[in-house]
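**Q** sharing a model that was predicted from the sequence below.
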Amino acid sequence: MNRFTGKRLLVLLVFLTALILLGPYSDRRVSAVDRNTYRNLKTFSEVLDMVEKNYVEPVDSTKMMQGAINGMMKSLDPHSSFMTAEMYKDLEVETRGSFGGIGIEITILKDVLTVVSPIEDTPAYHAGVKAGDQIIKIDGKSTKDITITEAVKKLRGPRDTQVTITIFHEGMAKPRDIVITRSIIKIRSVKSKTFEDHIGYIRISSFQERTVEDAKKALREIEAKASPLKGIVIDLRNNPGGLLNQSVEVSDLFLKSGVIVSTRGRSKSMESKSEAKDDGDEPTCPIVVLVNEGTASAAEIVSGALQDNGRAVILGTQTFGKGSVQTVIPLEDGAALKLTTAKYYTPKGRSIQAEGITPDIVVRPVKPTEEKSLGEDQQIREKDLQGHIRSPKEGEGKPEEAKKDLDGLAQDNQLKHAIDILRGWDILKKNMRG
């Protein structure tokens, strides 16, 4: 057997082994691989042999094979990728909520590296990176044809090192460089607080390993502080998603029954349906969910589940529309494939992919200066008139905590709308009883 024939058989063996390993994720049997596939594999082995023999300089065959695999995965969709052993370890670390980097979720949108959303309280967030920003350069090098895994590798790095990203978005006269100092990204996925009138607020910034436990704790805290609870705002804005099981269990915290999400793929093994269980402690008060263009993937599952089951009003702007399931398949050498194997569907059978979740009430964010044509301090009321009859309560200041919350609402018109809806809900209920 000559060297060329041996190499060809080796390549065929590698690809056939891959097909066998992926058997559970495909309805095709290896025996059904058509002649055209064998012809393409033959061409591949011939090209590999010619490059190794004739390229102007010696080549690294391992690097070439990885490049070929990357090209194959890139031809599928932006979310399927080949991960080296190092990249796979980084992914496992990320799901536990701590890694070195700048703190953004990225995707390939119309062949351009694009920010899905900045992660709250991270260097990218504080540097002003926004959902929808196009990253056209990293450290001065073009991101044209870059893969997600390549981009992640460039953006991550040791704490206190710097990376420069060049961003562009609609409305900018020209691209802008942003220098960001990397940090250890410790994601606190759940935060909570209470507002006046017994209204609770839960912010979920991503879905990590402990999100459900943290959300349960947040629920207990706001129920204790604002008893009886009259409404809950669940803030999923700029939540890039995360672990599917966590989004399902978070949805279940607020649902007594009904489908949460279903998945469908080419293989029957990828078809599933998750349903809510009645644990007896679900909150019964009204819920408003805040979403925007940075709400993606697992966050869209929660939004769709609560919307389709009639459990919450969705307020904000159209979500990102990332509705595909990625299955991570470990390989023998420690590497892995992240392969798109199914699509998400809401309880009513709506596909999230490329569509997103449409809010029940569309409220676009505005800056405080745009929101106030006449500031509150400029408006004239009865109490401002000289000689007015004083109210018995006049001069009584509001509690410091209430003032702080009102100041927060003044900076966030979407949250203010959500709070107003919940306050109005309670008023209507009282009036209807009367």
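**A** Thanks, I have the structure now.
**Q** what's the distance between residue 206 and residue 176?
**A** Here residue 206 is placed at a distance of 26 Å from residue 176 (Cβ to Cβ, to the nearest Å). All C-beta atoms are positioned from the backbone trio N, CA, C, and that covers glycine.
**Q** neighbour count winner among these two?
**A** Taking other Cβ atoms under 10 Å, residue 206 and residue 176 do not tie; residue 206 has more neighbours (27 against 13).
**Q** correct me, but the more buried one touches residue 186?
**A** No: Residue 206 is beyond contact range of residue 186, at 11.7 Å (criterion: Cβ atoms under 8 Å).
**Q** confirm for me that residue 218 is in contact with residue 193.
**A** No: the pair residue 218 and residue 193 fails to qualify as a contact (Cβ under 8 Å) at a distance of 9.2 Å.
**Q** run through the protein and note the low-pLDDT ranges.
**A** The chain contains residues with pLDDT under 70 at 1-34, 93-98, 367-408, 430-434.
**Q** what's the spacing between the strand ranked longest in it and its chain's center?
**A** When the chain is parsed with DSSP state E, its longest strand is strand 336-345. Remark: strand 336-345 is offset 15 Å from the chain centroid, using Cα atoms, centre = their mean, to the nearest Å.
**Q** return the distance of the next helix or strand after that strand from the chain's centre.
**A** As assigned by DSSP states H and E, the chain's next helix or strand after strand 336-345 is strand 361-362. Chain-centre distance of strand 361-362: 21 Å, with Cα atoms, centre = their mean.
**Q** what is strand 361-362 packed up against?
**A** Applying 3 or more Cβ pairs under 8 Å, 6 or more residues apart in numbering; DSSP states H and E, one finds that strand 361-362 contacts strand 313-316.
**Q** sheet partners, orientation included, of the strand it packs on?
**A** Note on strand 313-316: by DSSP bridges, its sheet partners are strand 287-291 (parallel), strand 361-362 (parallel).
**Q** out of these, which is the most enclosed?
**A** strand 287-291 (a mean of 27; mean count of other Cβ atoms under 10 Å).
**Q** tell me where the stretch 301-434 of the chain has helices.
**A** 368-371, 400-410, 413-433 (DSSP state H, counting those that start in this stretch).
**Q** same check, this time on the stretch 1-150 of the chain
**A** Assigned by DSSP H, counting those that start in this stretch, the stretch 1-150 of the chain shows helices spanning 3-21, 35-54, 61-74, 85-95, 123-126, 148-155.
**Q** any idea how far the shortest one is from the middle of the chain?
**A** By that I understand helix 123-126. Offset of helix 123-126 from its chain centre (Cα atoms, centre = their mean): 16 Å.
**Q** that helix packs against which elements?
**A** With contacts taken as 3+ Cβ pairs under 8 Å, 6+ apart, helix 123-126 sits against strand 112-118, strand 176-181.
**Q** could you tell me how many residues sit around residue 228?
**A** 8.
**Q** list the contacts of it.
**A** Contacts of residue 228 were listed using Cβ atoms under 8 Å, 6 or more residues apart in numbering, and they are residue 198.
**Q** domain assignment for the chain?
**A** Here the domain parsing of the chain from automatic domain parsing is 3-59, 85-96+98-186, 190-362.
**Q** now do the longest one: distance from first to last residue.
**A** Taking Cα to Cα, to the nearest Å, the first and last residues of domain 190-362 lie 25 Å apart.
**Q** where's that domain relative to the chain centroid, distance-wise?
**A** For domain 190-362, the separation from the chain centroid amounts to 10 Å (computed by Cα atoms, centre = their mean).
**Q** between the strands paired with strand 313-316, which one is nearest to residue 313?
**A** Nearest to residue 313, of all the strands paired with strand 313-316, is strand 287-291, at 5.0 Å by Cβ to Cβ.
**Q** between the closest one and helix 413-433, how big is the angle?
**A** Counting by axes from the mean of the first three to the mean of the last three Cα atoms, to 10 degrees, strand 287-291 lies at 160 degrees to helix 413-433.
**Q** outside of strand 287-291, which residues touch it?
**A** Contacts for strand 287-291 (Cβ under 8 Å, 6+ apart): 231-237, 254, 299-300, 302-303, 306-307, 311-317, 319, 357, 359, 414-415, 418, 421-422.
**Q** okay but residue 203 is in contact with residue 191, surely?
**A** Yes: with contact defined as Cβ under 8 Å, residue 203 counts as touching residue 191 (4.4 Å).
**Q** between these two, which one's more packed in?
**A** Between residue 203 and residue 191, residue 203 has the larger neighbour count (other Cβ under 10 Å), namely 20 against 15.
**Q** can you pull out the strands in the stretch 101-250 of the chain?
**A** For the stretch 101-250 of the chain, the strands defined by DSSP state E, counting those that start in this stretch cover 104-109, 112-118, 134-138, 141-142, 162-168, 176-181, 183-186, 190-195, 199-204, 231-235.
**Q** pull up the pairing partners for the shortest one, direction included.
**A** Within its sheet, strand 141-142 is paired with strand 134-138 (antiparallel), according to DSSP bridges.
**Q** residues making contact with the partner strand?
**A** Identification of contacts with strand 134-138 by Cβ under 8 Å, 6+ apart yields 106, 112-115, 142-143, 146, 151, 154-155, 163-169, 175.
**Q** which parts of it are buried?
**A** 134-135, 137-138 (16 or more other Cβ atoms under 10 Å).
**Q** got those as a markdown table, with distance to residue 73 columns?
**A** Shown next, in a markdown table, are the buried residues of strand 134-138 (distance: Cβ to Cβ, whole Å):
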| residue | distance to residue 73 |
| --- | --- |
| 134 | 22 |
| 135 | 20 |
| 137 | 23 |
| 138 | 20 |
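**Q** of those, which is the nearest to residue 48?
**A** residue 138 (30.1 Å).
**Q** show me what that closest one is bridged to.
**A** Counting by DSSP bridges, residue 138 is bridged to residue 141, residue 165.
**Q** residue 84 - how many residues pack around it?
**A** Neighbourhood size, residue 84 [other Cβ under 10 Å]: 16.
**Q** that one contacts residue 337, correct?
**A** No: using Cβ under 8 Å, residue 84 is not in contact with residue 337, being 11.3 Å away.
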